[in-house]
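**Q** Sequence and predicted model, in that order:
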Amino acid sequence: MLKKIMSLYEDSVLFSEPPLHISNQFYIFNDQSEKEWLAIPKTKLTEKELNLLQVLYQQVNIPSKPLGKWYEFLMLNGPLPTTSTESNFRIIQFHIKGNEVVQDEIESALRGFFSDEVQYFWEDSHNGCVIEEKKQISLTESELGSISDTLESDFYVKVSFYIGKLYPYSNQLRNQFRQEKEYFQFAKNHLPGSNIVSFEKVFPPFVAANLPEHVKEKVYKDFSDVFLEDPELYGTIKVFLENNLNASMTAKKLYIHRNTLQYRIDKFIDKTGVQLKDFYGAFTVFLSCLLFQHDNLHK
């Protein structure tokens with residue numbers, strides 16, 4: 001319901017966790033059944049509307065403090081931050097999964113990995129962002145994976161990152177960031193075990209999950225029986241496709257002999273008649289694997 005209410009008030013913001021701090025120009029309402037918090041600008045509410053919302057939802061008082069220009073721009077529809085250069089920027093989102101999240105310690109650890117010039121902010125107790133200018137970018141996807149492993153071993157929490165694209169310095173950054181937030185949320189819900197996420201990784205399963213039902217059925221029906229009959233075969237084919245049809249890498253990742261891998265691939269081809277070495281065949285099978293994964297994750 002809060003999502004519908006948000007659509008009625010311009011510049012309102014919906015949170016899936018209680019925000020740590022927020023401008024005192026907002027009223028905050030909590031829907032305990034949905035575990036959501038809605039911030040509505042005070043100037044948008046009449047006294048009658050405020051009274052009604054106070055009856056329907058719990059009004060929450062959250063301490064305010066200077067939030068930073070990037071937080072205000074990206075989260076609260078504030079003005080575009082002033083910078084010394086009109087370069088390109090990317091936003092790396094991070095999510096901390098764990099009950100005991102000591103933000104100061106985790107942020108201090110993150111600052112040890114990134115450039116001193118990058119900007120940080122926390123959205124809530126488990127989610128935050130790192131804003132990098134193009135010239136500040138120094139970490140690769142592999143290095144972010146190593147950082148995730150290090151933080152997990154040091155703080156006993158699981159850390160996942162979404163690596164945003166580079167975008168020009170403009171007001172469009174806010175909408176692009178919100179789209180990337182949607183992709184990251186999808187990954188957290190539907191791609192378990194993926195600690196490093198990017199557009200290229202999340203978009204194929206995102207598309208698969210959002211296909212119309214009649215299209216899903218057409219793609220899925222030729223492979224679902226094979227996957228259900230032999231889940232091990234499904235896992236093998238998916239890893240093989242994810243590793244660019246590289247037999248050595250796939251066998252190593254699955255801890256099996258290359259002959260065993262080849263036997264399973266031949267078995268799949270024999271059952272379906274689809275050649276994986278063909279681009280169109282591989283694409284179709286991979287899409288079916290994503291649909292099978294999504295379907296079985298929510299059973």
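**A** Arrived safely. Keep in mind it's a predicted model, so treat the numbers as computed, not measured. Residues are numbered from 1 along each chain as shown.
**Q** Just give me the residue right at the centre of the protein.
**A** The chain has Phe184 as the residue nearest its centroid, 1.1 Å off, counting by CA atoms, centre = their mean.
**Q** Wait, that one touches Gln93, no?
**A** Yes. Contact criterion CB atoms under 8 Å: Phe184 and Gln93 qualify, at 5.2 Å. No exception for glycine: its C-beta is placed from N, CA and C like everyone else's.
**Q** what's the overlap in contacts for these two?
**A** Tyr162 (CB atoms under 8 Å, 6 or more residues apart in numbering).
**Q** how close does the residue nearest to the centre of the chain sit to Ser194?
**A** According to CB to CB, to the nearest Å, Phe184 and Ser194 sit 10 Å apart.
**Q** In the longest strand seen in the chain, which residues are buried?
**A** Taking DSSP state E as the criterion, the chain has its longest strand at strand 88-97. Neighbour counts over strand 88-97 (16 or more other CB atoms under 10 Å) mark 88-96 as buried.
**Q** I'd like these as TSV, with pLDDT and distance to Asn24 appended.
**A** Shown next, in TSV, are those (pLDDT from 0 to 100; distance: CB to CB, whole Å):
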residue	pLDDT	distance to Asn24
Asn88	92	33
Phe89	94	28
Arg90	95	31
Ile91	96	26
Ile92	96	29
Gln93	96	26
Phe94	95	27
His95	93	27
Ile96	90	27
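**Q** can you redo these as CSV with distance to Asp31?
**A** Putting the buried residues of strand 88-97 into CSV (distance: CB to CB, whole Å) gives the following:
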residue, distance to Asp31
Asn88, 38
Phe89, 33
Arg90, 33
Ile91, 27
Ile92, 30
Gln93, 24
Phe94, 26
His95, 22
Ile96, 23
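**Q** Out of those, which is nearest to Arg264?
**A** His95 (34.3 Å; CB to CB).
**Q** Excluding chain neighbours, what is closest to the closest one?
**A** Using CB to CB, 6 or more residues apart in numbering and skipping residues adjacent in sequence, the residue nearest His95 is Ser160, 4.9 Å away.
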